[in-house]
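Q: got a sequence here, can you model it:
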Amino acid sequence: MSEPMREPPDVTVGIDVAKATLAIAVRPSGEERHLANDAAGIAEIVGWLQALTPLVIVVEATGGYEAPLVAELGIVGLPVAVVNPRQVRDFARATGRLAKTDRLDAQTLAHFGQAVRPVPRPLPDDAAQALAALVERRRQIVAMRTAEENRLGATRVTAVRARIQAHLKWLEADLKEIDDDLRQRLRASPLWRERENLLRSVPGIGPILALTLLAELPELGRLSHGQIAALVGVAPLNRDSGTLRGRRAVWGGRRAVRTALYMGTLRATRCNPAIQPFYERLLAAGKAKKVALVACMHKLLTILNALLKHQTPWQAQAA
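A: Numbers count the residues shown, from 1 in each chain. Purely as a prediction, here's the structure:
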């Protein structure tokens, strides 16, 4: 009798990115390459990896050196996951790999991809990247405005107050321009306009939360409820060891998304017919307000994830 054919093993790739070089490691074959981080090197990597059809390609976020590589991989549809360097360092320590070279880092990234299976993040197009940059700039302007308002309240010197007030006026004008630009860019994209309308159909979801979700959480609607909650950082995680059972807590995730979601949830506890009674039941059951709000954030995120996944506006969903 002939032996049944075995499925080929899943291929995972790790790429360590430096300013001038790229180190590549493949599992389970163990193949390695070392190429220049330039147009020719990236083109060679893309052609090679297309032939390998990997399950996931893991790249660390390095502050920008990885952007051209990730863009080229994403353009041809290869599954790229840009991961937090801290996660990879923790994984390396846990597996006993303490030495650090470009070659070893690439091997660790490939091993991380094989063991953890990070979800590939869809590559934002030019419009998405511009929108993300504007959302980040808006956040910076708001932080500067808050700082200046605090300074204004702390000084009584007339000349200094006049300077602070002039700066606040400039910040308000800049903030208005950014908001106008955000709206124009969003309206220019039919796809994004549709996604924004779906999100804004949910009571409590304002324009800033919708923009933040579109720009900084492109996975919304593409992952399971548990995966999207963990990605944002609103999924309670166990803290157990042996017989010790610690309190579950939420941590990690995308801070900017979580902050915007928190503000949206506060509004939803006052006007959303699904969130408001849920929040009141939790408080009546003796839950602390912070615990109840986090639970509502999780529930609201689940609603939004299902809404984009099924392309169904709130009214139809609620019916």
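Q: in the stretch 201-319 of the chain, where is pLDDT below threshold?
A: Low-confidence regions of the stretch 201-319 of the chain, defined by pLDDT under 70, span residues 236-252, 316-319.
Q: going along the chain, name the strands of it.
A: If you assign secondary structure with DSSP state E, counting those that start in this stretch, the strands in the stretch 201-319 of the chain sit at 240-241, 244-245.
Q: give me the neighbour count for residue 178.
A: Here the count is done by other Cβ atoms under 10 Å, and residue 178 has 18 residues near it. Any C-beta I mention is one placed from the backbone N, CA and C, and that applies to glycine too.
Q: any idea which element it lies in?
A: Following DSSP states H and E, the helix or strand that holds residue 178 is helix 158-187.
Q: give the buried residues for that helix.
A: 164, 168, 171, 175, 178-179, 182, 185-186 (16 or more other Cβ atoms under 10 Å).
Q: can you say which helix or strand has residue 40 in it?
A: Assigned by DSSP H and E, residue 40 falls in helix 39-52.
Q: so which bits of that helix are buried?
A: Using 16+ other Cβ under 10 Å, the residues of helix 39-52 that count as buried are 41-42, 45, 49.
Q: show me what contacts residue 23?
A: Residues in contact with residue 23, defined by Cβ atoms under 8 Å, 6 or more residues apart in numbering, are 15-16, 32-34, 102-103, 105-106.
Q: could you report the neighbour count for residue 302?
A: Using other Cβ under 10 Å, residue 302 has 16 neighbouring residues.
Q: just to revisit the earlier point, could you dump the buried residues of helix 39-52 into TSV and include pLDDT?
A: Listed next are the buried residues of helix 39-52 as TSV, based on pLDDT from 0 to 100:
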residue	pLDDT
41	90
42	88
45	93
49	93
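Q: hang on, the earlier thing: tell me the buried residues in the following helix or strand past the helix holding residue 178?
A: Scanning the chain past helix 158-187 towards its C-terminal end, the next helix or strand to appear is helix 190-200 (assignment: DSSP H and E). Buried residues in helix 190-200, counting neighbours by 16+ other Cβ under 10 Å, are found at 192, 195-196, 198-199.
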